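generate coordinates for the sequence data below:
(one chain, ligands or ions: 1)
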Amino acid sequence: MYQRILIANRGEIALRIIRACKELGVESVIVYSEADKGANYLKLADQAICIGPAIAAESYLNIPRIIAAAEVADVQAIHPGFGFLSENAHFAEVCRECKIEFIGPSVESMKMLGSKLASKELAKKCHVPLTPGSLGAITNEEDAVEVARNIGYPVIIKASAGGGGRGMRVAHNDISLRSSLMAAQSEAEAAFKDGTIFIEKYHEEPRHVEVQILGDKHGHVVHLWERDCTLQRRHQKLVEESPCPVIDQKTREDLCSAAVRLAKAAGYYSACTVEFIMDKDRKFYFLEVNTRIQVEHPVTELVTGLDLVRLQIEIAGGAKLPFTQSGIALRGAAIECRVYAEDPANNFFPSPGRITHLAEPSGPGVRLDSGVYPGWTVPLDYDPMLSKLIVWADTRDHAIARMQRALGEYHLGGIESNLQLFKLILNEPNFRAGNLHTGYLDALLKTKPDFNPPPPPELAALAISAQQPPMHPNSDPTPVHSRWLSQGRNEQMR
Ligand code: MV4
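Below you'll find the model as predicted:
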C-alpha cells in the first residue's frame, strides 16, 4: 500500500478521500486554493499545501502546480476526485511520466472512453444496445439528412468529445437539422477543440440509469448494480437512488452485464460508470462512460456495503478485487439528495455567502458527506454543492420516509439552499411511485408558484409571461450563473 497520496480536489469529496486514507493507514496530502484556506477538512489531512488563487485554472486545474505539490510532499499517487482533472487524460499522462500513480484508469482507457464515438463503436462490438444513429462522424449536411430520414425524426446531434449534455441539439425535420449542424459543429470545436459530431434517434422523456463498474489491473471486472439518476434539472442531478425502482431482476442483470462487457472490452481498471438511457418500454440504450468516481457513489456504497474510494486506492496499488460478482449483494434501497447553495425560488441562482447556522441530520441509516461548517463562507468560484445527504433503508418506501425525517433535521442558515425543494419532491405522488423522466422536475416546478420567480416589475408591466419555454437538450443547458463559473464546475467540468 502507498505511504502517502495527494488529493487534487476540494470540498466533500476531498474529505471523503481523506477518510478512506485514514482507514487504509495512508497519509493524505491535500492541496487547496486561497478560497479554501479556512476549510475544516484541511486539518484532517496529514499535510495541506496551498497551490494558488481561487480561480480553478490557477489552482485545482493547474497541472504544474499540482505536480510540484506532489513532488514536494513526496507522494506515490494522486487521487483526482471528480470534476477538475479527474477525466483529463493529459494529466494522467503527466502523472505517469513523473512516476506518480494516477488513481483512476489507464491513460489509454481514458482517451478511448472520452470519445463518445469510439465508445459507441466498442459498445456495438460487444453487443451493448445502442440508440440507432450514424455509426461514425457526420461530416456533411447530405449525410446527416440521409441518416435522419433513415432513423426517423426527431434526432439529436451530439458532440463526440462532449459530455453531460453540452453541445446537444434536437432536430424535428430536415430544415432544423440542416440549420443546427454547423452550429453544433462549431460549438463543439470551440468548447472541446474537437468538432466531431454524430446523430442519434432522440428519445423523448427517458430515464437515466447508470451502472457502477469496478475493475482491477489483473483483468477482473464486476458491476455494483445500477443507480437511477433521472431526477435532474438542466443536466445537474438532484436525487439519485439505487436500485432503479422500475426494472425487474432480468432487466437489471441484462443492463449490468452489458456494462461489464463494455468495461472488459475497454481493458478497464478502477471505478467507472456506464450510462444508459431507458425509454418508456424499459429498453435501455448505451450513452457514455464516465471514467471517474462519481458524486453519487455513496448510493452504491450503501446498497452494496463496499467502500468504493478505498477500492480505487487499493486497485491503483495493484490489489486484486477482493470479491467476485456473486459476492456483491444489492440490499435494501438508498437515496441521495445533493444539497446546493442555490435558491430554487430565484431560478436556482447560486447563493454564496457565510453559513451562520447549521444543524445536521443523523440517526439510523443516515449519511451526510459534507464539506461545510458554521462560519464557512461558500465561495463563488466553484460548484455550489455543499453536501450530499444519503439514506439507506430496507425498502424504497422506508428510505423515502427516512430521507424526509433527515431533511426535517437539516437546517442551514445564512444562505439559501435547495433543502425545501427535496421536501416537496419526496412528497410528490409521481416521485413516490417511481414515475419519472428527465423532464419531470421542470414540469413539476411549473405547477408550483413558490418555485417560479415573480417577473421583475418592468417586465411584468410589459405583460411578458414569466413562463419559460420547455427545456430541450438543444438549448444551452448551462445556467447563466455557471457560465461565469465555467472553470470550476465539479463533475460536469472536463
Ligand atoms: C439523449 C437523449 C435523448 N435521446 N440521447 C444528456 C446527457 C448526455 N449524457 C446524453 N443526454 C441525452 N441523450 C438520445 N439519443 C436525452 C438526453 C438527456 C438527458 C440524459 C440523461 C439525463 C438527463 C438528460 C436531460 C436531457 C437530455
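
tell me the contacts of the residue of the stretch 1-150 of the chain found nearest the ligand?
In the stretch 1-150 of the chain, the residue that lies nearest the ligand is Thr131 (4.4 Å; Cβ to the nearest ligand atom). The way it works is simple: take the backbone N, C-alpha and C, and place the C-beta from them, glycine included. Thr131 makes contact with Glu200, Lys201, His203, Ile277, Tyr285, Phe286, according to Cβ atoms under 8 Å, 6 or more residues apart in numbering.

surely Ala171 meets Ile151?
No: with contact taken as Cβ atoms under 8 Å, Ala171 and Ile151 are classed as non-touching, separated by 11.5 Å.

from the contacts of Thr131, which ones fall inside strands?
Residues of the contacts of Thr131 located in strands (DSSP state E): Glu200, Lys201, Ile277, Tyr285, Phe286.

among these, which one sits closest to the ligand?
Distances from the ligand to those, taken by Cβ to the nearest ligand atom, are shortest for Glu200, at 3.9 Å.

identify the bridge partners of the closest one.
Gly133, Ile156 (DSSP bridges).

what about it, distance to Gly375?
Using Cβ to Cβ, to the nearest Å, Glu200 is found at 48 Å from Gly375.

the more surrounded of the two?
Neighbours around Glu200 and Gly375, counted as other Cβ atoms under 10 Å, are more numerous at Glu200. The numbers are 23 against 13.

Ala8 and Asn88 touch, don't they?
No: counting by Cβ under 8 Å, Ala8 sits too far from Asn88 to count as a contact (10.3 Å).

quick one: contacts of the longest helix that the chain contains?
If you go by DSSP state H, the chain has its longest helix at helix 174-192. Outside helix 174-192, the residues that touch it by Cβ under 8 Å, 6+ apart are 138, 141, 144-145, 148-149, 153, 155, 157, 159-162, 166-169, 171, 194-197, 474, 494.

just those: which are in helices?
Mapping those onto helices (DSSP H) picks out Glu141, Ala144, Val145, Ala148, Arg149.

could those go into JSON lines alongside distance to the ligand, neighbour count and pLDDT?
Conversion of the ones in helices among the contacts of helix 174-192 to JSON lines gives the following (distance: Cβ to the nearest ligand atom, whole Å; neighbours: other Cβ atoms under 10 Å; pLDDT from 0 to 100):
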{"residue": "Glu141", "distance to the ligand": "20", "neighbour count": "14", "pLDDT": "95"}
{"residue": "Ala144", "distance to the ligand": "15", "neighbour count": "24", "pLDDT": "97"}
{"residue": "Val145", "distance to the ligand": "18", "neighbour count": "20", "pLDDT": "97"}
{"residue": "Ala148", "distance to the ligand": "12", "neighbour count": "26", "pLDDT": "97"}
{"residue": "Arg149", "distance to the ligand": "16", "neighbour count": "12", "pLDDT": "97"}
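
ok, then the element right after the helix or strand where Val303 lies?
In this assignment (DSSP states H and E), Val303 forms part of helix 297-304. For helix 297-304, the following helix or strand on the C-terminal side (DSSP H and E) is helix 308-316.

just checking, what packs against that next one?
With contacts taken as 3 or more Cβ pairs under 8 Å, 6 or more residues apart in numbering; DSSP states H and E, helix 308-316 sits against helix 11-24, strand 77-79, strand 207-215, strand 270-278, helix 297-304.

so what strands line up beside the fourth one?
When pairing is defined by DSSP bridges, strand 270-278 lines up against strand 207-215 (antiparallel), strand 284-290 (antiparallel).

now it and helix 308-316, what's the angle there?
120 degrees (axes from the mean of the first three to the mean of the last three Cα atoms, to 10 degrees).

then the first one?
Orientation of helix 11-24 against helix 308-316 (the same axes, to 10 degrees) gives an angle of 60 degrees.

which other residues reach helix 11-24?
Contacts for helix 11-24 (Cβ under 8 Å, 6+ apart): 1, 5, 7, 9, 27-28, 30, 36, 39, 41, 44-45, 79, 81-82, 293, 295, 307, 309-310, 313-314, 369-371, 382, 385-388, 490.

just the ones of these in strands?
Ile5, Ile7, Glu27, Ser28, Ile30, His79, Asp369, Ser370, Met385, Leu386, Ser387, Lys388.

which one of these is nearest to Leu262?
His79 (24.2 Å; Cβ to Cβ).

which residues does that closest one bridge with?
Ile7.

the longest strand anywhere in the chain and the ligand, are they touching?
In the chain, ranked by residue count with DSSP E as the criterion, the top strand is strand 221-233. Yes: counting by Cβ under 6 Å from any ligand atom, contacts between strand 221-233 and the ligand involve Gln232.

common neighbours of Ala8 and Asn88, please.
Shared contacts of Ala8 and Asn88 (Cβ under 8 Å, 6+ apart): Pro80.

who's more crowded, the two?
Ala8 (32 against 19).

show me what contacts the more buried one?
Counting by Cβ under 8 Å, 6+ apart, Ala8 touches Val31, Tyr60, Ile66, Ile78, His79, Pro80, Gly81, Phe84, Leu85.

show me what contacts the second one?
Contact partners of Tyr60, counting by Cβ under 8 Å, 6+ apart, are Ala8, Asn9, Arg10, Val31, Ser33, Ile51, Ile66, Phe84, Leu85, Tyr382, Gly488.

hmm, back to that, and the longest strand of the chain with helix 297-304, angle?
Angle, strand 221-233 to helix 297-304, by the same axes, to 10 degrees: 130 degrees.

return the list of strands paired to strand 221-233, each annotated with direction.
Partners of strand 221-233 in the sheet, by DSSP bridges, are strand 207-215 (antiparallel), strand 236-242 (antiparallel).

make a markdown table from those strands and add mean neighbour count to it.
A markdown table is the format used below for these (neighbours: other Cβ atoms under 10 Å):
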| stretch | mean neighbour count |
| --- | --- |
| strand 207-215 | 26 |
| strand 236-242 | 24 |
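
now render those as JSON lines, adding mean pLDDT and distance to Ala70.
Output for the strands paired with strand 221-233, formatted as JSON lines (pLDDT from 0 to 100; distance: least, Cβ to Cβ, whole Å):
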{"stretch": "strand 207-215", "mean pLDDT": "98", "distance to Ala70": "25"}
{"stretch": "strand 236-242", "mean pLDDT": "97", "distance to Ala70": "31"}
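
relative to Gly267, which of those is closest?
Nearest to Gly267 among these is strand 207-215 (8.2 Å), distances taken as Cβ to Cβ.

can the closest one be found next to the ligand?
Yes: with Cβ under 6 Å from any ligand atom as the criterion, the ligand is reached by strand 207-215 at His208.

next one: stretch 172-187
No: legend: contact between stretch 172-187 and the ligand by Cβ under 6 Å from any ligand atom is lacking; minimum distance shown is 13.0 Å.

repeat that for stretch 111-123.
No: using Cβ under 6 Å from any ligand atom, stretch 111-123 never reaches the ligand; the gap is at least 8.4 Å.

buried residues in that stretch?
Lys111, Met112, Leu113, Gly114, Ser115, Lys116, Leu117, Ser119, Lys120, Leu122, Ala123 (16 or more other Cβ atoms under 10 Å).

could you do stretch 415-429 as well?
Within stretch 415-429, judged by 16+ other Cβ under 10 Å, the buried ones are Ile415, Glu416, Ser417, Asn418, Leu419, Leu421, Phe422, Leu424, Ile425, Leu426.
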